[in-house]
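Let's see this in three dimensions:
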Amino acid sequence: MAVGIDTPLVAIVGETASGKTAAGIQVAQKLGGEIICADSRTVYKHMDIGTAKPTLVEQKLVPHHLIDVVEPNERFSAAEFKRLAEKCIQDITTRHKIPIIVGGTGLYVDSLLYNFQFKDKPSEQFRQKLLQMNSEELTTLLNTKNIDQSALNTKNRRHVIRAIETNGQRLHNTKLRRNTLIVGLKLEREVLQERVEKRVAKMFEEGFIDEVKNLAKFYGWENESMSGIGYRVVKDYLEGRATLEEAQAAFVRRDLSLAKRQRTWFKRNKNIHWFEESSELIDFAVTFIQDQISGVQ
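Residues are numbered from 1 along each chain as shown. Coordinates of the predicted model:
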């Protein structure tokens, strides 16, 4: 099997709770593959329940990479993901296995598949100055610098700050890497909402509150990781500003909002083959890889 830029590769993308993890495991099992997780939340250690991290049972079924990479008080970027994922691909293919990218963080996926070129790390002094600004000041700076905001999530401070640091430049390459297939799972809105509601309820049943308490105790609330979908709403519950039911409902709303943003991101990518049934996606991905391998033998 070719190793490097010609390595056959499948990426499975889609919204949160769409069934990507299960589909990825089945594809990997059929092909003798290993999974590289492209998720900006599951890279953090100790954040297991609230990030819907693949369970230990799932991780035993198929080797998973780029889970539990950094501590919750450490930074992690798309550039770092790309660097580590490329190393994983090299390692996996050297052992004659198939790399399978699974995740819903569009920037992570695209940075790898389209070979984004990231700028050098911005000045820490400038970063601290931006962090001290309020939302109105950041918006004014965006306008002053004439930064295109059409594809920017202006409600996300981290995204706004990064756009200012890079002067709005999108370091994108529109050419997909060779021998690569991108497949996506797309659910009806009602089905997705039902899945999200059930998953969030299960998280609370499995001890999500205690997970958040422990994370807050050891790492505090000011880390970027703690701005994740469910962690802030539990803070409101712990500090008496919301009931348990209200916190759970807020988690569901935020997860559905995340799903909408993910859907918008992936919708722009015309290279994605979409499926509503995971079985069809799995068959399509397996056939693609088998054809690729046959073609180089």
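
Alpha carbons only: can I get the host helix or strand of Glu190 in CSV?
Assigned by DSSP states H and E, Glu190 belongs to helix 189-205. Output of helix 189-205 as CSV, limited to C-alpha atoms (Å, rounded to 0.1, in the frame of the first residue of the first chain):
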residue,chain,number,x,y,z
ARG,A,189,-34.1,17.1,11.9
GLU,A,190,-36.7,15.3,14.1
VAL,A,191,-34.6,12.2,14.2
LEU,A,192,-31.5,14.2,15.2
GLN,A,193,-33.4,16.0,17.9
GLU,A,194,-34.6,12.8,19.4
ARG,A,195,-31.1,11.3,19.3
VAL,A,196,-29.6,14.4,21.0
GLU,A,197,-32.3,14.4,23.7
LYS,A,198,-31.7,10.7,24.5
ARG,A,199,-27.9,11.1,24.5
VAL,A,200,-28.0,14.1,26.8
ALA,A,201,-30.4,12.3,29.2
LYS,A,202,-28.0,9.3,29.2
MET,A,203,-25.0,11.6,29.9
PHE,A,204,-26.7,13.0,33.1
GLU,A,205,-27.7,9.5,34.1
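
That one: how far from the chain's middle?
For helix 189-205, the separation from the chain centroid amounts to 18 Å (computed by Cα atoms, centre = their mean, to the nearest Å).

buried ones in that helix?
Leu192, Gln193, Arg195, Val196, Glu197, Val200, Met203, Phe204 (16 or more other Cβ atoms under 10 Å). Using the backbone N, CA and C atoms, a C-beta is placed for each residue, glycine as well.

Asn223: which of those residues is nearest?
Met203 (20.0 Å; Cβ to Cβ).

Grab the nearest non-local neighbour of that closest one.
Leaving out its chain neighbours, the residue that sits closest to Met203 by Cβ to Cβ, 6 or more residues apart in numbering is Ile49, at 5.1 Å.

The one you found: what's it in contact with?
For Ile49, the contact set (Cβ atoms under 8 Å, 6 or more residues apart in numbering) comprises Met203, Glu206, Gly207, Phe208, Glu211.

circling back to that earlier point, show me what the helix or strand following the helix holding Glu190 packs onto, helices and strands only.
The helix or strand immediately downstream of helix 189-205 is helix 208-219, counting by DSSP H and E. Judged by 3 or more Cβ pairs under 8 Å, 6 or more residues apart in numbering; DSSP states H and E, the packing partners of helix 208-219 are helix 231-238.

ok, and what's touching the helix or strand that the helix it packs on is followed by?
Using DSSP H and E, the helix or strand that follows helix 231-238 towards the C-terminus is helix 244-267. With Cβ under 8 Å, 6+ apart as the test, helix 244-267 has contacts from 13-18, 104, 106-107, 153, 184, 192-193, 196-197, 199-201, 203-204, 209, 229-230, 233-234, 236-237, 242, 272.

Kindly report the same for stretch 64-72.
34-38, 42-47, 53-54, 58-59, 76, 81, 84-85, 88, 92, 215, 219, 223, 225-226.

Show me which positions of that stretch end up buried.
Quick answer for stretch 64-72 (16+ other Cβ under 10 Å): His64, His65, Leu66, Ile67, Asp68, Val69, Pro72.

Do a quick rundown of the strands in the chain.
9-14, 33-37, 64-65, 98-102, 180-185, 272-275 (DSSP state E).

Looking at those, which is nearest to Gln117?
strand 180-185 (17.8 Å).

rewinding a little: ok, which pair from the buried residues of helix 189-205 is furthest apart?
Maximum pairwise distance among these (Cβ to Cβ): 19.0 Å, between Leu192 and Phe204.

ok, and for the helix-or-strand element of the chain with minimal mean pLDDT, which residues are buried?
Here the helix or strand of the chain ranked lowest by mean pLDDT, DSSP states H and E is helix 157-165, holding a mean of 82. By 16+ other Cβ under 10 Å, the buried positions in helix 157-165 come out as Arg157, Val160, Ile161, Arg162, Ala163, Ile164, Glu165.

And stretch 106-125, by the same measure?
Buried residues in stretch 106-125 (16+ other Cβ under 10 Å): Gly106, Leu107, Tyr108, Val109, Asp110, Ser111, Leu112, Leu113, Tyr114, Asn115, Phe116.
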